[in-house]
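Compute the structure for the input listed below.
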Amino acid sequence: MKLLLLGAGIRTPLLLAGLIRRQDALGLDEVALYDDDPRRLATMAAFAGAVAQQQGARFAVSHAENLAEAARGAGFVFSAIRVGQESNRILDERIPLQYGVLGQETTGPGGFAMALRTIPALLRHARVIEAEAPDAWMVNFTNPAGLITQALLAHTKLKAIGICDTPTAIRAGLARFLGRSDADLFLDYAGLNHLGWVRRVLVDGTDVLPRILDRYEALAASSHEWALFEPELVRLLGLLPNEYLYYYYYREEAVANIVASGSTRGEQIRTINDPLWTTLGELLTAGQTDEALAAYDRQMQTRSATYMARESGHEGAPAPGGAGDSIFADEGYAGLAMDVMAAVVGRQPATLILNVRSEGCWSDFAADDVVELPCLVDEHGPRLLVPAPLPEIVRPLVTAVKTYERLTIEAAVTGSSEAAVRALMVHPLVASYSLARRIADDYRSAHRSYLPRFGDVSYKVA
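Have a look, this model is predicted:
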């Protein structure tokens, strides 16, 4: 079977390493790389070849500058594109900050701007994939993952599944805290991508969440993501929040911390990624593949160690994964993507938390609204496990963000300025017409080359 990696970004080697670890179960013959930046594609193809050789890949690694050639005959597509790269991410983050509004890659206005650039580009890619690999499953981790997955399902014929590794990381962290294996835990998790809560933690059929809440101080001391939230807040909710809820429950603190840090996460990532791309190109040209692998490992460990540090005001805190651990050992997104793939092609049914159509599971949601919930996945794809209603304490937030997501997709597909302003206006982190209009206007100006007809009522993505 052929797998297309759509987007040859800096995390591509981590995906490849994971595929190699599971190659016997996945039945891969070829992994094809595609990126619309020829220089990045050439560098990453050379580095991917080095990773494949070092780690014993038994499948071919190819690349093509033509998407039709790269996609032809693929059974799976992993989508991880970033339209505009870090320079535009920085604009996404900086523009709302000047109005005292959160500037973050996927949450609030930053996710809105990223979606406006990404949806038209990904829908164009989808048309090619539909023609060249009509039976392929697309596993989407292009951010904002849930919103992008909904756009793919609504406007293409692709069998799209959205993934995020945050719920998987939550389960792993809770398992360590409880002294159990990951497989011993079932998370009753509900919400949207980057907006979800753990409602129950089942171990041997018993819900141990009350015990975890009672010991929340110890849990917070065990892992950085739980230290973001005060015990009083978590006990008030009666739920364990996804770490991205920090941006909602501590909105003012998050903005103040980013401003005080002097730079955004996008600017921080650029100082890591740009030199790394240069170093990889130079070392690979010189034939120094071992040195390239070591340089990649060091820089990616630095990137992982600084995750959410400035936003939470915890810069200088210990790295989440433990000093010295190779970044290639981290499954992350790769592990979840391969769990989906193994369940479908390897006929190994699995229970996974995914971004899929709601099928009307909640009364406030349309059947084609994408939600993040536990699913049973097999050769037929994902099927929702029967979910309970959303807890009343979180329902207003979830429904408001889903309304924002629908309007953002409308704005991206139709070019409607009105839909763009409405989207930001209803988002809980903006919640103001005057701010929404200013931020939308600033984005339209800043991203003009990516949104050349934004605001033209005749525009519509084909």
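
nearest spatial neighbour of residue 201, skipping sequence neighbours?
residue 209 (4.7 Å; C-beta to C-beta, 6 or more residues apart in numbering). (Glycine included, C-beta is placed from N, CA and C.)

The one you found touches residue 203, doesn't it?
No: look at residue 209 against residue 203 with C-beta atoms under 8 Å: they stay out of range, at 9.9 Å.

which one of those two has more residues nearby?
residue 209 (20 against 16; other C-beta atoms under 10 Å).

Check the spacing between the closest residue to residue 240 other than its chain neighbours and residue 61 real quick.
Computed as C-beta to C-beta, 6+ apart, the closest residue to residue 240 that is not its neighbour in sequence is residue 198, at 3.9 Å. Counting by C-beta to C-beta, to the nearest Å, the gap from residue 198 to residue 61 is 38 Å.

Packing partners of the lowest-mean-pLDDT helix or strand in the chain?
Of all helical and strand segments in the chain, the minimum by mean pLDDT, DSSP states H and E falls on helix 309-312, at a mean of 82. Secondary-structure packing of helix 309-312 (3 or more C-beta pairs under 8 Å, 6 or more residues apart in numbering; DSSP states H and E): helix 246-249, helix 251-261, helix 265-285.

Swap in 6 Å and give it another go.
Helices and strands touching helix 309-312, as assessed by 3 or more C-beta pairs under 6 Å, 6 or more residues apart in numbering; DSSP states H and E, comprise helix 251-261.

Going by neighbour count, list what's buried in the helix it packs on.
Of all the residues in helix 251-261, those buried under the rule 16 or more other C-beta atoms under 10 Å are 251, 254, 255, 257, 258, 261.

Next up, the contacts around the third one.
By that I understand residue 255. residue 102 (C-beta atoms under 6 Å, 6 or more residues apart in numbering).

Quick one: name whatever helix or strand follows the helix ranked longest in the chain.
Counting residues, the longest helix in the chain under DSSP state H turns out to be helix 109-132. Tracing the chain past helix 109-132, the next element assigned as helix or strand by DSSP states H and E is strand 137-140.

then that following strand to CSV, C-alphas only?
Provided in CSV are the C-alpha atoms of strand 137-140 (Å, rounded to 0.1, in the frame of the first residue of the first chain):
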residue,chain,number,x,y,z
TRP,A,137,-8.6,7.6,3.6
MET,A,138,-7.3,11.1,4.6
VAL,A,139,-6.0,11.4,8.1
ASN,A,140,-6.0,15.1,8.8
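
now that strand: mean pLDDT?
Here strand 137-140 scores 97 as its mean pLDDT.

can I see the domain layout of the protein?
2-162, 261-329 (automatic domain parsing).

most tightly surrounded among those?
domain 2-162 (a mean of 21; mean count of other C-beta atoms under 10 Å).

picking that back up, who wins for proximity to residue 356 among the domains of the chain?
domain 2-162 (6.4 Å; C-beta to C-beta).

Now for the nearest residue to residue 250 once chain neighbours are set aside: which residues touch it?
Computed as C-beta to C-beta, 6+ apart, the closest residue to residue 250 that is not its neighbour in sequence is residue 228, at 7.5 Å. For residue 228, the contact set (C-beta under 6 Å, 6+ apart) comprises 243, 246, 312.

Which residue ranges of the stretch 251-400 of the chain form helices?
Assigned by DSSP state H, counting those that start in this stretch, the helices in the stretch 251-400 of the chain fall at 251-261, 265-285, 289-305, 309-312, 332-345, 395-414.

which one of those has the lowest average pLDDT?
The lowest average pLDDT among the helices of the stretch 251-400 of the chain, as it happens, falls on helix 309-312, at a mean of 82.

ok, back up a step: in JSON lines, list the domains of the chain along with distance to residue 234.
Formatted as JSON lines, those follow (distance: least, C-beta to C-beta, whole Å):
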{"stretch": "domain 2-162", "distance to residue 234": "19"}
{"stretch": "domain 261-329", "distance to residue 234": "15"}
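
ranking the ones you listed by mean pLDDT, which is last?
domain 261-329 (a mean of 82).

Please report how far the residue lying farthest from the centre of the chain lies from residue 8.
Most distant residue from the mean C-alpha position of the chain: residue 286, 34.0 Å away (C-alpha atoms, centre = their mean). Distance, residue 286 to residue 8, by C-beta to C-beta: 21 Å.

Repeat that for residue 31.
Residue 31 is 11 Å from residue 8, by C-beta to C-beta.

Would you mind measuring from the closest residue in space to residue 369 that isn't next to it in sequence to residue 130?
Nearest non-adjacent residue to residue 369, counting by C-beta to C-beta, 6+ apart: residue 358, 4.8 Å away. According to C-beta to C-beta, residue 358 stands 24 Å off from residue 130.

now swap in residue 217 and tell me
In terms of C-beta to C-beta, residue 217 sits 52 Å off from residue 130.

Give me the contact list for stretch 264-274.
Outside stretch 264-274, the residues touching it (C-beta under 6 Å, 6+ apart) are 10, 86, 89, 90, 93, 103, 299, 302, 303.

now stretch 30-42
2-8, 45, 59-63, 65, 67, 70.

ok, so of these, who is nearest residue 459?
Among the contacts of stretch 30-42, and counting by C-beta to C-beta, the member closest to residue 459 is residue 67, at 22.6 Å.

Roughly how far does that closest one sit from residue 51?
23 Å.

same check, this time on residue 286
17 Å.

do the same with residue 293
7 Å.

ok, now residue 3?
From residue 3 to residue 51 the distance is 15 Å (C-beta to C-beta).

Same check on residue 61?
Distance from residue 61 to residue 51, by C-beta to C-beta: 8 Å.

Of all the helices of the stretch 251-400 of the chain, which one is nearest residue 166?
helix 332-345 (9.8 Å).

Go through that closest one and flag the buried ones.
Quick answer for helix 332-345 (16+ other C-beta under 10 Å): 332-345.

who does it touch, helix- and strand-wise?
helix 12-21, strand 350-357.

And the next helix or strand past the helix or strand encompassing residue 148?
Element membership for residue 148 (DSSP H and E) is helix 145-155. Per DSSP H and E, helix 145-155 leads on to strand 159-162 as the next helix or strand towards the C-terminus.

residues in contact with the following helix or strand past that following strand?
Sequence-wise, the next helix or strand downstream of strand 159-162 (DSSP H and E) is helix 166-178. Helix 166-178 is contacted from outside by 182, 185, 187, 189, 219, 222, 223, 242, 336, 353, using C-beta under 6 Å, 6+ apart.
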